[in-house]
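*Asks:* the amino acid sequence is not available; the structure is as follows:
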């Protein structure tokens, strides 16, 4: 019986019922997709970690190496260390790797090394998360390079170095938990042991060691790290903690995923607004019908059943459709996650988590229905039949009389006053427009910021033209001095500054010694924008990165003292400033040259320089690149672009994706909203037509109403994306070391092109969907 | 007398299903002269209201011709029909059909304000005059929920008159009112008619029809008879005679 009444109801009000169904389906699709994406991210990182078994502590080292000494340490720290393995990296210059039609990898900022798969842990995987097994003559290429150079399986890579020449066929892609990310500055190519031995025998490349430790579940990282330092074991390179790899993985994908999740959460907001909109638009009619049933003497219980059954059926059908559709949406989105983290996202977690949205939406709808039923109990049947619930109980002063209209056409004015009178309904559309504009503009702001030269600020680098990095070789110190001397005498170089980064023991807040990396040099030449305070000016000062100054690092404020050991002597340094840095796990520090060097723990040398306006920048860069074999010469923009390249590329996709989502959602909601409103206002429209309003005049009313909501919606959306977006992104990035992101907005894009695009698209939607039906005889509506 | 409205051979059919066509108007001919006051009577389902809606251009006819003020309207586009309704026709409904978000006076002024260069002050004056004439001047700023059925119907009449139409159509304008209110509404309509406006209305009520000049009687979609009663003077005491005369005629025609 109930079902029959419901079916009749649906048949009678086709448009309203279809719109309600579509709105609720959209809510489910959006909600499910959001939860699904989060589930996928968690699951894929976890899966990748399970298969790759990353190391907990990795010491990079170049130079003489003694495995026996490492083994002795491992023996003494048995309670902490579960496994130890050393990976031997053959570092090959990008210029020595040839592929395609005469191309090399010379332009990459990444260090390239050829390795053999580990035996115990830190495995490099294929795209199915299986441990790579590479045959002789074959190579597995990191995903980063596969994307950067558009390499395919079956392509040939040729290594040509020092008279040695060998060809490798690309047999697989390497998914590398530790070095997937563009933020990790090295990439590992996996080859067969025999090929490796052959290259080693021909002295191809430079040897570097990854001394890796896997700890017991309760092993203490700090203890192992400090014991390693104290034992004076090989440490001619950075020390990397396991969680940094996760962070890199998270950052390179999660920065993107975070934007996706943010978009998803916003879509959930849109979804809930849609549900509310549905109810507000249909509640009058529902109340009237409930009133009729009440007047007919139907029992409360039966009324409740009829009403609830209707919405339960709609919610259930929408839930099932939405749940199914969400998987298609997610598939379109998580391509990057599938590639870098896990291709097999078939686990049950996503299916279970995605169920949260339809169930929650079903419950919300049922609860909402109950509250409507509660309202009907509070008013009498006749009241329900007579008046409009939206205005009920509010005998407000009559607002917006027609004579008050001085400037607008009467139709336009009627549209605007309708917005003011039915503000509850239009307010939801307004919020939806704000959120959609936000979704469209925020990725654009992030993208423009990352692409701007100013972004180097967040990487702890002052603004300069060129950056030269010296790789650790036997001749590094001599090379460095020779380079500085040449720069000094080069008239094409406007200014330059040299920085040396070493690892120093520093006293933590709880009084323990911890190794931190400090860059020394003259920081006044290329000033960095400081979050607080200023660059270290003299011997007694140090500046800390945001993450290093935070409770997770040394826990210091400006003016506090940091105790650092230099050559065995304690030095007291006052914190002069705090800057943002998302490189090296976010924890870095800077001090004047007078601090002195830790000669046995120099990590890298770097020179920043500005080239005089008259000089040819690329020729100059080429000159230094060819003169210094161990140097990596990069334009600063190029350096940022390559390090952040992957994220920027993905952000580029998100910019398009965000805009597409925003526009699709806006178009759908605008069209549905108008269909619903026109259907709801059918009788009022018929009255207007009967007194002589043309359909065009009536359509103008509705279009004016929607436009007046759209325009401020866009303005507020852009403002929110500019200001609230900055706060949100800064919050998200603070864990990575950048606490105060200032968007570099491109005004003509955010204030002109995007809003115009949205206005045009919504305008077209309006003109297409705001159609007053004229086919039917007017009397059908007027007399019904 | 000049012809205000003329319908020739009009048919109105509605498809209810594939083989089920409802023939509501069958070959109806009708002529209404300028300044006439005509009522249409007939049993339920005889097509009275449909005739009213089709000759006023609110509903489309299936075949035939309708000429209003020397203009064939059955082939007019929607836009031109609207304009015609706005400028030359006024409508009064049984359900009153006022716009719910407008006050009474705004409902009345609304059709007049749609003109591009409408003189708002003049429109306001006119609306106030009409409200005074119909006795609802004090309710100008009331919302439609703050007036009785009779008061609302008066506002409906004011709205119908605001653009000084050549003809007023009424679909049982007194159908939902008590007899006192109905009499008052009829007095207003008679007054309008006296001022030269043509009036055509559909009614079930003998008292209402007796006050019109000519009564058409419809059965099964056809006009089967008509009765000329002549002009009615509100001040005269001829109403009872007219009613009896009408009654006798209706009974002869199978009422």
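*Replies:* Looks like it came in fine. All values reported here derive from a predicted model rather than from experimental measurement. Residues are numbered from 1 along each chain as shown, chains lettered A, B, ... in the order given.

*Asks:* got the domain ranges for chain A?
*Replies:* Here the domain parsing of chain A from automatic domain parsing is A:63-236, A:414-452+A:649-784, A:474-629.

*Asks:* now the first one: mean pLDDT?
*Replies:* In this case it means domain A:63-236. Averaged across domain A:63-236, pLDDT comes to 87.

*Asks:* now the end-to-end length of that domain.
*Replies:* This stretch, domain A:63-236, spans 7 Å end to end (CA to CA, to the nearest Å).

*Asks:* one more: the longest one?
*Replies:* Using CA to CA, the span of domain A:414-452+A:649-784 from its first residue to its last is 25 Å.

*Asks:* that one near chain B at all?
*Replies:* Yes - counting by CB under 8 Å from any CB of the partner chain, chain B has neighbours in domain A:414-452+A:649-784: A:417-418, A:421, A:684, A:687-697, A:774, A:777-779, A:782-783. All C-beta atoms are positioned from the backbone trio N, CA, C, and that covers glycine.

*Asks:* what mean pLDDT would you report for that domain?
*Replies:* Throughout domain A:414-452+A:649-784, pLDDT has a mean value of 86.

*Asks:* next one, pLDDT for residue A:248 please.
*Replies:* So residue A:248 comes in at 61 (pLDDT).

*Asks:* helix, strand, or coil at the residue in chain A that chain B sits nearest to?
*Replies:* The minimum distance from chain A to chain B, using CB to the nearest CB, falls at residue A:692 (2.6 Å). When classified by DSSP: H, G, I helix; E, B strand; the rest coil, residue A:692 comes out as coil.

*Asks:* okay, now it: neighbour count?
*Replies:* Neighbourhood size, residue A:692 [other CB atoms under 10 Å in any protein chain shown]: 23.

*Asks:* what do you get for the one 4 residues further on?
*Replies:* Burial of residue A:696 is recorded as 12 neighbouring residues (other CB under 10 Å).

*Asks:* so which strand or helix has it?
*Replies:* If you go by DSSP states H and E, residue A:696 is part of helix A:695-734.

*Asks:* packing partners of that helix?
*Replies:* helix A:255-295, helix A:410-421, helix A:423-451, helix A:645-680, helix A:682-690, helix A:754-769, helix B:78-88 (3 or more CB pairs under 8 Å, 6 or more residues apart in numbering or on different chains; DSSP states H and E).

*Asks:* confidence score at the closest residue to chain A within the stretch 151-255 of chain B?
*Replies:* In the stretch 151-255 of chain B, the residue that lies nearest chain A is residue B:159 (6.7 Å; CB to the nearest CB). Here the pLDDT value assigned to residue B:159 is 94.

*Asks:* tell me the contacts of it?
*Replies:* A:691, B:90, B:98, B:107, B:108, B:110, B:111 (CB atoms under 8 Å, 6 or more residues apart in numbering or on different chains).

*Asks:* now with 10 Å?
*Replies:* A:687, A:691, B:90-92, B:96-99, B:104-112, B:127, B:130 (CB atoms under 10 Å, 6 or more residues apart in numbering or on different chains).

*Asks:* dihedrals phi and psi, it?
*Replies:* Note on residue B:159: backbone dihedrals following degrees, to the nearest 10 are phi -60, psi -40.

*Asks:* in the helix or strand hosting residue A:91, which residues are buried?
*Replies:* Residue A:91 is part of strand A:81-92 when elements are defined by DSSP H and E. Using 16 or more other CB atoms under 10 Å in any protein chain shown as the test for burial, strand A:81-92 gives A:81, A:82, A:83, A:84, A:86, A:87, A:89, A:90, A:91, A:92.

*Asks:* ok, the last one - contacts?
*Replies:* When you say that, I think you mean residue A:92. Contact partners of residue A:92, counting by CB under 10 Å, 6+ apart, are A:105, A:111-114, A:159-161, A:189, A:199, A:204-206.

*Asks:* may I ask which two of the residues you listed are separated the most?
*Replies:* For the contacts of residue A:92, the maximum inter-member distance is 18.1 Å, found between A:111 and A:160 (CB to CB).

*Asks:* the two: who's more crowded?
*Replies:* residue A:111 (22 against 16).

*Asks:* show me the contacts for the residue lying closest to the residue of chain A closest to chain B once chain neighbours are set aside.
*Replies:* Nearest non-adjacent residue to residue A:692, counting by CB to CB, 6 or more residues apart in numbering or on different chains: residue B:86, 2.6 Å away. Residue B:86 makes contact with A:691, A:692, A:693, A:694, A:697, B:111, B:112, B:114, B:115, B:163, B:165, according to CB under 10 Å, 6+ apart.

*Asks:* contacting residues around the nearest residue to the fifth one once chain neighbours are set aside?
*Replies:* Across the structure, with CB to CB, 6+ apart as the measure, the residue nearest residue A:697 apart from its sequence neighbours is residue A:411 (4.5 Å). For residue A:411, the contacting residues are A:688, A:693-694, A:696-704, B:113-114, by CB under 10 Å, 6+ apart.

*Asks:* please tell me how far residue A:411 sits from residue A:465.
*Replies:* 60 Å (CB to CB, to the nearest Å).

*Asks:* what's the answer for residue B:87, then?
*Replies:* Distance from residue B:87 to residue A:465, by CB to CB: 75 Å.

*Asks:* one step back: and the helix holding residue A:696, what's buried?
*Replies:* Buried residues in helix A:695-734 (16+ other CB under 10 Å): A:695, A:697-710, A:713-714, A:716-722, A:725-726, A:728-730, A:732-734.

*Asks:* most tightly surrounded among the domains of chain A?
*Replies:* domain A:414-452+A:649-784 (a mean of 20; mean count of other CB atoms under 10 Å in any protein chain shown).

*Asks:* save the helices and strands packed on helix A:695-734 as CSV, and put in distance to residue A:477 too.
*Replies:* Formatted as CSV, these follow (distance: least, CB to CB, whole Å):
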stretch, distance to residue A:477
helix A:255-295, 37
helix A:410-421, 73
helix A:423-451, 35
helix A:645-680, 31
helix A:682-690, 85
helix A:754-769, 52
helix B:78-88, 88
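
*Asks:* now the one helix or strand residue A:3 maps to: buried residues?
*Replies:* Taking DSSP H and E as the criterion, residue A:3 maps to helix A:2-12. The neighbour-count check on helix A:2-12 (16+ other CB under 10 Å) flags A:5, A:6, A:9, A:10 as buried.

*Asks:* repeat for stretch B:55-63
*Replies:* B:55, B:56, B:57, B:58, B:59, B:60, B:61.

*Asks:* mind listing the strands for the stretch 51-200 of chain B?
*Replies:* B:63-68, B:71-72, B:89-93, B:167-171, B:198-202 (DSSP state E, counting those that start in this stretch).

*Asks:* quick one: which of those strands is nearest residue A:752?
*Replies:* Among those, the nearest to residue A:752 by CB to CB is strand B:89-93 (48.1 Å).

*Asks:* is any part of that closest one close to chain A?
*Replies:* Yes - when contact is scored as CB under 10 Å from any CB of the partner chain, part of strand B:89-93 falls within range of chain A: B:89, B:90, B:91, B:93.

*Asks:* got the residues you listed as a markdown table, with pLDDT, distance to residue A:564 and neighbour count columns?
*Replies:* Listed next are those as a markdown table, based on pLDDT from 0 to 100; distance: CB to CB, whole Å; neighbours: other CB atoms under 10 Å in any protein chain shown:
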| residue | pLDDT | distance to residue A:564 | neighbour count |
| --- | --- | --- | --- |
| B:89 | 95 | 94 | 25 |
| B:90 | 94 | 94 | 28 |
| B:91 | 94 | 92 | 26 |
| B:93 | 91 | 91 | 23 |
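
*Asks:* and which of those is nearest to chain A?
*Replies:* Checking those against chain A by CB to the nearest CB gives residue B:91 as the nearest, at 5.5 Å.

*Asks:* list the contacts for residue 207?
*Replies:* Since you didn't name a chain, this refers to chain A. Residue A:207 neighbours (CB under 10 Å, 6+ apart): A:61, A:62, A:63, A:65, A:88, A:89, A:90, A:91, A:113, A:200.

*Asks:* hmm, I had chain B in mind actually
*Replies:* B:174, B:179, B:182, B:183, B:186, B:239, B:240, B:242, B:243, B:246.
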